[in-house]
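1. Fold the following and give me the result.
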Amino acid sequence: MDVASGCVVRADRLGTDVSAVAGTDRPKRCVMHGIFTAFSLILSKPFRRPLPLAKRIRENDEGTTAIEFGILAVPFFLFVFGIMAVGLQFFTINALDHAVEAASRKIRTGEAQKEGKTMNDFRQMVCDEAGTYIAVDCDDGRLIVHVQSGDDWADIAPSACASGGNLTAPAGSGTDPLSDNSGGAGQVVLVTACYDWTLPIQFPYLQYMMMLPADGIPLSSGGSLIQSASTFRTEPYE
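-> Residues are numbered from 1 along each chain as shown. Got it, this is the predicted structure:
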C-alpha cells in the first residue's frame with residue numbers, strides 16, 4: 001500500500017504485472033503510479049552499483065584449483081625427483097656391492113688364483129657381475145679395483161679410492177698375476193672397488209647427494225664416488 005497515492009502496488013518480484021495494475025478500476029493516478037513503480041523495478045536491477053574490485057576478487061573462487069596446484073607443484077616435484085635420486089643411488093650401491101662380493105668369492109675359494117687370473121681379468125669379473133648399468137663405464141676407466149692381502153687383519157691398510165680429485169690407480173700393473181696381490185691360502189684379503197658414478201653430470205640435482213672422497217675434494221669428472229669393499233680370509237685351497 002502506497003500511503004501517498006493510496007494505491008496497492010505489487011512489488012514482490014522484478015517482473016511486476018503492469019497490465020494487471022493498469023486494468024483495475026482505481027483512479028488514473030494509481031494506474032500511472034503503478035506503471036512508474038513497475039518500470040522503476042525493471043530498470044533498477046541492471047544498473048546496480050558494481051562491487052568493489054577487492055570484494056569481487058575475494059568472493060570469486062574460479063581458478064582456485066590451478067592456484068593451489070601451482071603453489072604445491074614445486075615442492076611436490078622436488079620430493080618426487082628426490083625419491084628417484086635416492087633410488088638410483090641405492091641401486092648403484094647395491095649393484096656394486098653384489099659385484100664385489102661375487103667376484104671376491106672366487107679369490108676366497110682360490111678359483112681365480114688357480115686359473116691364473118690377472119688383475120685386469122679380476123676387474124672384468126667385477127664389471128660383469130655388476131651388470132650393464134655399471135659395466136658400460138668399465139672401458140672408460142671409471143671403475144678401479146684394489147686387491148690387498150696380509151697375514152693378519154692389522155697388516156692391511158685400506159687404499160684410498162681417490163686423491164686430489166682423481167681415482168687412485170691400483171698397485172702394480174693390470175697384467176700382474178692376481179695371486180701377487182691376493183696372496184696364497186689362509187691369507188687375509190681386502191678387495192675395494194671404486195666407481196666414478198657419472199649420472200650426476202647429466203642430472204645436476206643428484207649432485208646434492210654426491211659422496212666425496214676421504215680428502216674432501218670432489219672428483220674432477222664431476223661424478224660421485226661410490227665404493228664397495230669385501231674383506232675375508234682365503235680358504236685352504238692349496
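
2. helix or strand right after the lengthiest helix in the chain?
-> For the chain, the helix with the greatest residue count under DSSP state H is helix 64-108. The helix or strand immediately downstream of helix 64-108 is helix 111-114, counting by DSSP states H and E.

3. Show residues contacting whatever helix or strand comes next after that next one.
-> For helix 111-114, the succeeding helix or strand toward the C-terminus, using DSSP H and E, is helix 119-130. Residues outside helix 119-130 that contact it (CB atoms under 8 Å, 6 or more residues apart in numbering): 95-96, 98-100, 102-103, 106-107, 112, 117, 134-135, 138, 143-145, 147, 170, 172-178, 181, 193. To be clear about C-beta, it is placed using only N, CA and C from the backbone, and glycine gets the same treatment.

4. Now do helix 119-130: distance to the chain's middle.
-> 31 Å (CA atoms, centre = their mean, to the nearest Å).

5. Also stretch 220-231?
-> 21 Å.

6. Over to stretch 118-126?
-> The answer for stretch 118-126 is 34 Å, by CA atoms, centre = their mean.

7. Quick one: mean pLDDT for it?
-> Mean pLDDT, computed over stretch 118-126, is 95.

8. If any of the contacts of helix 119-130 are buried, give me the PyMOL selection for them.
-> Filtering these down to the buried ones (16 or more other CB atoms under 10 Å) takes a single PyMOL command:
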select buried, resi 95+96+99+100+103+106+107+112+117+134+135+138+143+144+145+147+170+178+181+193
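
9. my guess is residue 170 contacts residue 144, does it?
-> Yes. Between residue 170 and residue 144 there is a contact under CB atoms under 8 Å: 6.1 Å.

10. what sits against the residue nearest the centre of the chain?
-> Most central in the chain under CA atoms, centre = their mean is residue 81, positioned 1.5 Å from the mean C-alpha point. By CB under 8 Å, 6+ apart, the contact set of residue 81 is residue 205.
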